[in-house]
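A.B. asks: Provided below are the primary sequence and the corresponding predicted coordinates.
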Amino acid sequence: MAIYEEINKIKSFAFEEISKTTDLARLEGLRIKYLGRKGELTQVLRSLEKYSGKERKAVGALANESRVGLENEIGKRQKYLEEAEFAKILEQERVDVTASLEKIPLGHLHLTTSAIRQIVDIFKALGFYRVRYPEIDTDWYAFESLNMPKSHPARDEWETFFIDSANSNIVLTPHTTNGQVHEMEKGQLPIRMINIARCYRRQSDISHAPMFHQFDGLLIDKSASIGDLKGTLEYFVKQFFGPKRKVRLRPFHFRFTEPSFETDISCDICGGTGRLKNGQICRLCKEGWLELGGAGMVHPNVLRAGKVDPKKYSGFAFGWGVERVIMMKEGLNIPDIRILYENDLRFLEQF
């Protein structure tokens, strides 16, 4: 009968198309083409009413057998294509755990941080210990307790940052010397401290920045002398800057020390001559020496403010800017202190 040939023909074409299909979407299209509501094999099943009882039974059996065969073949092909697609994804997203990783570039400590750690280690060898005190403090600790009268220029708002608050005596500390009386108030003598913190002043030029770091040293004992102070400063300079650098102490005046000195070191930019190789005056030091900071014997009034008896104890103190000593470190040749905080990678990546 023609109907048998038609069913076998549909079945044959369908199997051939299914076996050649490499796409799941295309496979779904073939299922609809042959087995959908309007599919070719479905239409044959719907035409069975035209046949008599025995013929209808025979044709229906063949058509159902073909439908089941096509469904099984489509299922097998679908499983095969899904596994192939999954294998492709696995290959594309495969991670070789044994492969060496790309090296991630590592950063390094900022010059200021490295210098602070070196400073702490140098003074630690002399028996000093590091402390930290507030960077926002009262006028008492920043000025009054350090023997500075209210008329002192440093207490002017054009020199110091005052905090706008109900208490007008709160300041951003202009120096780490504010920690001295804090430490003395503990009542634990003798004292050998190094206070390192940020400081703030209304200055900005080649050798000054509005925010900078300072280390303040304080030694109080029953036999502290100027000789001890001089030896301590020379030891630090030789350890930090190298044995070739020269140091000088100049008599000066500070309210919190008596006698007082300015500590200078020969300039590394011009070699201590005050002039560059091209004959021009060194912009940094101008005369061959750069001021590092103040030093001196602790004033008796400061000892009294910290509840230390100046008749029994004496002490010396010194305070230098961390960035300033970095600029004078041999071989760095940093011409402007402000470049340290400009975040220029061309500069920072050199160190």
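C.D. replies: In hand now; what should we look at? The structure displayed is predicted, hence computed values, not measured ones. Numbering: from 1, shown residues only.
A.B. asks: flag every buried residue along stretch 240-257.
C.D. replies: For stretch 240-257, a neighbour-count test (16 or more other Cβ atoms under 10 Å) marks 240, 241, 245, 247, 249, 254, 255, 256, 257 as buried. (Glycine included, C-beta is placed from N, CA and C.)
A.B. asks: distance of the fifth one from residue 220?
C.D. replies: What it means is residue 249. Counting by Cβ to Cβ, to the nearest Å, the gap from residue 249 to residue 220 is 20 Å.
A.B. asks: please apply the same query to the first one.
C.D. replies: In this structure, residue 240 and residue 220 are 23 Å apart, going by Cβ to Cβ.
A.B. asks: over to the fourth one?
C.D. replies: Residue 247 sits at a distance of 23 Å from residue 220 (criterion: Cβ to Cβ).
A.B. asks: roughly how far is the longest helix along the chain from the heart of the chain?
C.D. replies: Longest helix in the chain by number of residues, with DSSP state H as the criterion: helix 53-92. The gap between where helix 53-92 is centred and where its chain is centred comes out at 62 Å by Cα atoms, centre = their mean, to the nearest Å.
A.B. asks: where does the closest residue to residue 119 other than its chain neighbours fall, secondary structure wise?
C.D. replies: The shortest distance from residue 119 to any non-neighbouring residue, by Cβ to Cβ, 6 or more residues apart in numbering, is to residue 215 (5.5 Å). Here residue 215 sits within strand 211-221, counting by DSSP states H and E.
A.B. asks: average pLDDT for that strand, rounded please.
C.D. replies: The pLDDT scores in strand 211-221 average 93.
A.B. asks: and that strand, which residues are buried?
C.D. replies: 212, 213, 214, 215, 216, 217, 218, 219, 220.
A.B. asks: next, give me the two most distant ones among those.
C.D. replies: By the measure Cβ to Cβ, 212 and 220 form the most distant pair in the buried residues of strand 211-221, at 25.9 Å.
A.B. asks: where's the spatially closest residue to residue 256 that is not a sequence neighbour relative to residue 294, distance?
C.D. replies: Closest residue in space to residue 256, ignoring its immediate chain neighbours: residue 146 at 4.1 Å, by Cβ to Cβ, 6+ apart. As defined by Cβ to Cβ, residue 146 lies at a distance of 12 Å from residue 294.
A.B. asks: what number of residues lie near the residue nearest to residue 256?
C.D. replies: 25 (other Cβ atoms under 10 Å).
A.B. asks: hmm, which helix or strand of this protein has the shakiest average pLDDT?
C.D. replies: Sorting the helices and strands of the chain by mean pLDDT, DSSP states H and E puts helix 40-46 at the bottom, at a mean of 71.
A.B. asks: just the C-alpha atoms of it, please, in PDB.
C.D. replies: C-alpha atoms of helix 40-46 as PDB (Å, rounded to 0.1, in the frame of the first residue of the first chain):
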ATOM      1  CA  GLU A  40       4.400  14.800   8.800                       C
ATOM      2  CA  LEU A  41       4.100  11.600  10.800                       C
ATOM      3  CA  THR A  42       1.300  13.100  13.000                       C
ATOM      4  CA  GLN A  43      -0.700  13.900   9.800                       C
ATOM      5  CA  VAL A  44      -0.400  10.300   8.800                       C
ATOM      6  CA  LEU A  45      -1.900   9.200  12.100                       C
ATOM      7  CA  ARG A  46      -4.800  11.600  11.700                       C
END
